[in-house]
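1. Pasting the sequence and the predicted model now:
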Amino acid sequence: MQTGISIKSVSKTYDNGFAALDNISLEINKGEILALLGPNGAGKTTLISAITGIVSTTAGHILVDGFDNKRQYRQARKKIGLVPQEMSIGAFETVFNTVSFTRGLFGLKPAPKHIEHVLRSLSLWDKKDNQLRMLSGGMKRRVLIAKALAHEPEILFLDEPSAGVDVELRRDMWRLVEQLREQGVTIILTTHYIEEAEAIADRIAVINQGRILLVEDKHELMRKLGKKHLLVEFKNAVHELPNELDSFDVKLSEDGTKLSYTYDARADASGLSRVINILSSAGLGLKEVQTKQSSLEEIFVDLVNNQTTPDTQSASGGAEDKTSNGARA
Ligand SMILES: Nc1ncnc2c1ncn2[C@@H]1O[C@H](COP(=O)(O)OP(=O)(O)OP(=O)(O)O)[C@@H](O)[C@H]1O
Ligand SMILES: [Mg+2]
């Protein structure tokens with residue numbers, strides 16, 4: 001696998017003394033989609049700004065497709081498209097011209113066909129002659145994405161692309177990301193919608209307080225840190241659980257109609273079938289049994305809070321992985 005971006009021991013302390021990045025090292029492969037997750041103030045935008053050369057780093061160095069982003073700034077910057085978190089966009093220029101102009105800034109010849117393709121894929125073509133001030137917030141965000149793609153970058157940064165956008169734009173964006181991935185574009189995305197990372201990323205990096213907590217293949221991460229939950233609904237309310245269940249991580253709902261059992265996603269099914277057997281042998285009628293995989297969101301929240309056991313009750317809203325008989329442990 002070729003390296004697209006290589007970040008070596010990068011730190012950033014802002015002028016006021018705040019250390020926003022603390023010794024970050026990270027390799028990003030060509031053609032991969034990396035989601036950078038972290039709470040507000042974690043350092044995501046600072047890291048992107050450091051790579052794109054918008055903020056200067058205090059220590060370390062960064063290579064973009066082999067170019068040092070300080071000494072070879074122009075070559076490095078040309079590889080990169082950036083959709084910034086903050087909107088900064090003109091008012092009176094038209095959509096087409098502003099996107100076209102951005103391409104020119106990189107010293108490239110005009111390419112109206114390419115600009116047309118980009119605008120069409122973002123459903124902006126019918127607005128191409130509109131002045132920017134006439135656009136809604138979501139449309140302006142589309143223009144920012146179009147501007148980032150104007151010079152056909154090999155690496156695209158999307159800093160919170162779906163903050164405050166409607167479902168349709170989010171879908172458009174996911175489609176576009178998929179197209180760009182097929183063209184081999186490397187994509188680095190920050191998002192607070194963890195299901196977005198779950199849907200489109202290949203790898204997940206979690207950053208908190210300026211440090212990388214982990215970088216892991218998405219499926220591997222979910223397999224390693226994911227928990228599974230067995231959810232049982234009883235035919236009649238249960239007031240006391242069999243003693244044999246004491247050694248299992250089971251919880252009975254207050255009204256006694258539901259039981260949840262949390263287990264390691266890597267474990268084999270023995271615990272699961274034991275729990276079901278114990279319940280059946282005790283003569284407790286089961287109305288419904290299902291299993292559920294903990295979501296990336298739960299894993300993320302746990303990581304950031306430094307906890308290891310996800311709370312079963314917080315499982316709602318997670319990635320559903322329901323099976324009718326709970327046999328997929
Ligand atoms: N120009 C600056 N001067 C001083 N501190 C700054 C500056 N810019 C950012 N910071 C601080 O650096 C930290 C990281 O900010 P950054 O914008 O990188 O976070 P983020 O992870 O992108 O957060 P968010 O999810 O809110 O976008 C924050 O504590 C922020 O207050
Ligand atoms: Mg940010």
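-> Received the coordinates, thanks. Residues are numbered from 1 along each chain as shown. Ligands and ions are numbered 1, 2, ... in the order given.
2. Any idea how far the helix or strand harbouring His219 is from the middle of the chain?
-> Secondary structure from DSSP states H and E places His219 in helix 218-225. Put simply, helix 218-225 sits 14 Å off its chain's centre (CA atoms, centre = their mean, to the nearest Å).
3. Quick one: name the residues of the stretch 51-200 of the chain near ligand 1.
-> With the criterion set to CB under 6 Å from any ligand atom, the stretch 51-200 of the chain comes near ligand 1 through Gln85. Where you see a C-beta, it was placed from the backbone N, CA and C, and this is true even at glycine.
4. buried stuff in the helix holding His219?
-> Neighbour-count burial for helix 218-225 flags 218, 221-222, 225 (criterion: 16 or more other CB atoms under 10 Å).
5. Mind listing the strands the following helix or strand past that helix pairs with, and their directions?
-> Using DSSP H and E, the next helix or strand after helix 218-225 towards the C-terminus is strand 227-234. Sheet pairing of strand 227-234 (DSSP bridges) gives strand 258-264 (antiparallel), strand 286-293 (antiparallel).
6. Farthest from the middle of the chain: give me that residue.
-> Gly283 (44.8 Å; CA atoms, centre = their mean).
7. picking up where we left off before, show me what the helix holding His219 is packed against.
-> strand 203-208, helix 296-305 (3 or more CB pairs under 8 Å, 6 or more residues apart in numbering; DSSP states H and E).
8. ranges for the strands of this structure?
-> 3-13, 19-29, 33-37, 59-64, 67-68, 80-83, 155-159, 186-190, 203-208, 211-217, 227-234, 250-252, 258-264, 286-293 (DSSP state E).
9. Which strands or helices does the first one pack on?
-> Yep, that's strand 3-13 we're talking about. Looks like strand 3-13 contacts strand 19-29, helix 44-52, strand 59-64, strand 186-190 (3+ CB pairs under 8 Å, 6+ apart).
10. again with the third one
-> Counting contacts by 3+ CB pairs under 8 Å, 6+ apart, strand 33-37 is packed against helix 44-52, strand 186-190, helix 194-200, strand 203-208.
11. Go through the ones you listed and name the closest to ligand 2.
-> Smallest distance to ligand 2 across the helices and strands packed on strand 33-37 (CB to the ion): 3.1 Å, for helix 44-52.
12. one step back: dump the helices and strands packed on strand 3-13 to JSON lines, plus distance to ligand 2, mean neighbour count and mean pLDDT.
-> Output for these, formatted as JSON lines (distance: least, CB to the ion, whole Å; neighbours: other CB atoms under 10 Å; pLDDT from 0 to 100):
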{"stretch": "strand 19-29", "distance to ligand 2": "10", "mean neighbour count": "18", "mean pLDDT": "96"}
{"stretch": "helix 44-52", "distance to ligand 2": "3", "mean neighbour count": "23", "mean pLDDT": "95"}
{"stretch": "strand 59-64", "distance to ligand 2": "18", "mean neighbour count": "18", "mean pLDDT": "96"}
{"stretch": "strand 186-190", "distance to ligand 2": "6", "mean neighbour count": "25", "mean pLDDT": "95"}
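13. Fine by me, thanks again.
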